[in-house]
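Chemist: Only the shape, not the letters, is given here:
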């Protein structure tokens, strides 16, 4: 007998923000019924999807638990905190307040300072209003991936809390954000120099099935290559 | 007798991220010794400040409590969560997990999706690499303030959890982020149309002294006007 999963996840194969939620669900062993929303054809602005999430944004997570509102949870960082509170084991944040602040700080350097600069809406503005051609967009991407990841590298290489993962020897929300940026960077076929600790942590993440099976290339809708 | 505050806050008068931390400290009645780092003269990259925070980033919060590392806490959203955990009263997050997810989601629409597009480093790239003059930068600012605030408006106007503030009738982290964006928008003398609920919430925030005294114009270093 199969049971209906508690959650419905509206997602797309290559987005960094959806990847984060997928990894957290996998790490916590929580299943979700995943629905593919094709960002490349603008499906997020279709009438059908706007009925589900009027913001037209993914990831969107609907909680089908009895008594919950049908308003979807949105914003990947808010969803990660929700999952951490609702399914505390395995913990994706350290036990001490300073450690949690460090993990959330690293996570925000990636999901907050870096990722918003690569969104489709930013690309659209730069190509239509600023005359960015493909080469200018690629230079923009390389600049901000480099800035963000080298800043994280500096912290990982100099702070004593760094372990096998960003913070100690088990994965946290910081690793999820780090892996989400590297995964998308690979989709764009971009490489950044001088980030040995970042790449070492990424390799450690990829040895965990919860990360590996969230990879963009393994999702429904990914191009066959 | 005066006691030495537990925290040192490295800040600048007009930054949105520092404003958030200042409001949270004020709401919780926690004092901090504030140090002004002049971003307009590049003081964040001075040798003296890099000794304090090698990342060259503000806000940076040093916790002088015994036994704590001298590594400063950085990233405003991580600092807000740290203050919430360390000083839980008054609560700046709702008691229920879905409510917390909504508040963090709204906060991230502002501090995550919107604010990173206005940072000095983005302005520098656009002016040096993309030929943005002052008018192009202003058009960019107006576009993203409008996009971010009208998206928040849509949620505030349609979701039943909205009250006097973004979520119910007491201020939360969402209100802190909303006010931080409006405060900076005013520094830039930009106005956005069709955001009545956003402005109503801002007015409610400004009636609270913890918000009012965090205003950019009231900080050390602000221009006299």
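Modeler: Structure's in. What do you need? Please read these numbers as outputs of a predicted model, since none were measured by experiment. Numbering: from 1, shown residues only, chains lettered A, B, ... in the order given.

Chemist: so what's the closest residue to residue A:162 other than its chain neighbours up against?
Modeler: Nearest-residue entry for residue A:162: residue A:156, 4.7 Å, with adjacent residues in sequence omitted and distances by C-beta to C-beta, 6 or more residues apart in numbering or on different chains. Where you see a C-beta, it was placed from the backbone N, CA and C, and this is true even at glycine. The contact partners of residue A:156, by C-beta atoms under 8 Å, 6 or more residues apart in numbering or on different chains, come to A:162, A:166, A:197-198, A:201.

Chemist: Need the max-distance pair from the residues you listed.
Modeler: Greatest spacing in the contacts of residue A:156, by C-beta to C-beta: A:162 and A:198 (10.7 Å).

Chemist: So those two - more neighbours on which side?
Modeler: Each of residue A:162 and residue A:198 has its neighbours counted (other C-beta atoms under 10 Å in any protein chain shown); residue A:198 has more, 23 against 19.

Chemist: can you tell me if the helix or strand bottoming out on mean pLDDT in chain A touches chain B.
Modeler: Taking mean pLDDT, DSSP states H and E as the measure, the helices and strands of chain A show their lowest mean at helix A:47-52, namely a mean of 91. No. Applying C-beta under 8 Å from any C-beta of the partner chain, one finds helix A:47-52 out of contact with chain B, separated by at least 10.9 Å.

Chemist: ok, then the element right after that helix?
Modeler: Tracing the chain past helix A:47-52, the next element assigned as helix or strand by DSSP states H and E is strand A:60-63.

Chemist: Can you list the neighbours in contact with that next one?
Modeler: With C-beta under 8 Å, 6+ apart as the criterion, strand A:60-63 contacts A:6-10, A:21, A:32, A:52-53, A:70, A:72-74, A:79, A:82, B:98.

Chemist: Is any residue of stretch A:163-172 near chain B?
Modeler: No. Where contact is defined by C-beta under 8 Å from any C-beta, no part of stretch A:163-172 touches chain B; the two come within 12.2 Å at best.

Chemist: quick one on the thing from earlier: looking at the contacts of strand A:60-63, which are in helices?
Modeler: Where the contacts of strand A:60-63 overlap with helices, as defined by DSSP state H, the overlap consists of A:21, A:52, A:79, A:82, B:98.

Chemist: Out of the contacts of strand A:60-63, who's the most crowded?
Modeler: For these, neighbours tallied by other C-beta under 10 Å; top is residue A:21, 30 neighbours.

Chemist: pretty sure it contacts residue A:12?
Modeler: No. Using C-beta atoms under 8 Å, residue A:21 and residue A:12 do not qualify as a contacting pair, with a distance of 11.5 Å.

Chemist: The longest helix along chain A - what's its average pLDDT?
Modeler: Ranked by residue count, the top helix of chain A under DSSP H comes out as helix A:134-158. Helix A:134-158 carries an average pLDDT of 97.

Chemist: So what angle separates the directions of the helix or strand that comes right after it and helix A:134-158?
Modeler: Under the assignment DSSP H and E, the closest C-terminal helix or strand after helix A:134-158 is helix A:173-187. Angle, helix A:173-187 to helix A:134-158, by axes from the mean of the first three to the mean of the last three C-alpha atoms, to 10 degrees: 150 degrees.

Chemist: Quick one: residues in contact with stretch A:32-41.
Modeler: By C-beta under 8 Å, 6+ apart, the residues outside stretch A:32-41 that reach it are A:4-13, A:15, A:22, A:25, A:43-44, A:49, A:58, A:61, A:120, A:219-221.

Chemist: are any of these buried, and which?
Modeler: For the contacts of stretch A:32-41, a burial check counting by 16 or more other C-beta atoms under 10 Å in any protein chain shown picks out A:6-13, A:15, A:22, A:25, A:43-44, A:49, A:58, A:61, A:219.

Chemist: neighbours around residue A:119, how many?
Modeler: Residues near residue A:119, counting by other C-beta under 10 Å: 16.

Chemist: Go through stretch A:196-209 and flag the buried ones.
Modeler: Buried residues in stretch A:196-209, defined by neighbour count with 16+ other C-beta under 10 Å: A:197-198, A:201-202, A:204-205, A:208.

Chemist: low pLDDT regions in chain A?
Modeler: A:1-2, A:225 (pLDDT under 70).

Chemist: residues shared between the contacts of residue A:21 and residue A:12?
Modeler: Residues touching both residue A:21 and residue A:12 by C-beta under 8 Å, 6+ apart: none at all.

Chemist: Show me the domain layout of chain A.
Modeler: A:9-90, A:97-212 (automatic domain parsing).

Chemist: Just the ones of the contacts of stretch A:32-41 in strands?
Modeler: A:7-11, A:61 (DSSP state E).

Chemist: Report the two of the residues you listed separated the most.
Modeler: Using C-beta to C-beta, the pair of those lying farthest apart is A:7 and A:11, separated by 11.3 Å.

Chemist: Closest one to residue B:185 out of the ones in helices among the contacts of strand A:60-63, please.
Modeler: For residue B:185, the nearest member of those is residue A:79. The distance, counting by C-beta to C-beta, is 27.4 Å.

Chemist: residues in contact with that closest one?
Modeler: Residues in contact with residue A:79 (C-beta under 8 Å, 6+ apart) are A:20-21, A:24, A:59, A:61, A:73, B:101, B:105.

Chemist: Farthest pair within the residues you listed?
Modeler: The largest distance within those, taken as C-beta to C-beta, falls between A:24 and B:105 and amounts to 15.2 Å.

Chemist: follow-up on the earlier one: just give me the closest of the ones in strands among the contacts of stretch A:32-41 to chain B.
Modeler: residue A:61 (8.7 Å; C-beta to the nearest C-beta).

Chemist: Which strand residues bridge the closest one?
Modeler: Taking DSSP bridges, one finds residue A:9, residue A:73 as the beta-bridge partners of residue A:61.

Chemist: Quick check: it vs residue A:34, distance?
Modeler: If you measure residue A:61 against residue A:34 using C-beta to C-beta, to the nearest Å, the figure is 10 Å.

Chemist: distance of the residue nearest to residue A:125 when sequence neighbours are not counted from residue A:130?
Modeler: If you skip the residues right next to it in sequence, residue A:125 has residue B:143 as its closest partner in space, 6.5 Å away by C-beta to C-beta, 6+ apart. Plainly put, residue B:143 is 11 Å away from residue A:130 if you go by C-beta to C-beta.

Chemist: So for the two, which sits in the more crowded spot?
Modeler: Neighbours around residue B:143 and residue A:130, counted as other C-beta under 10 Å, are more numerous at residue A:130. The numbers are 17 against 14.
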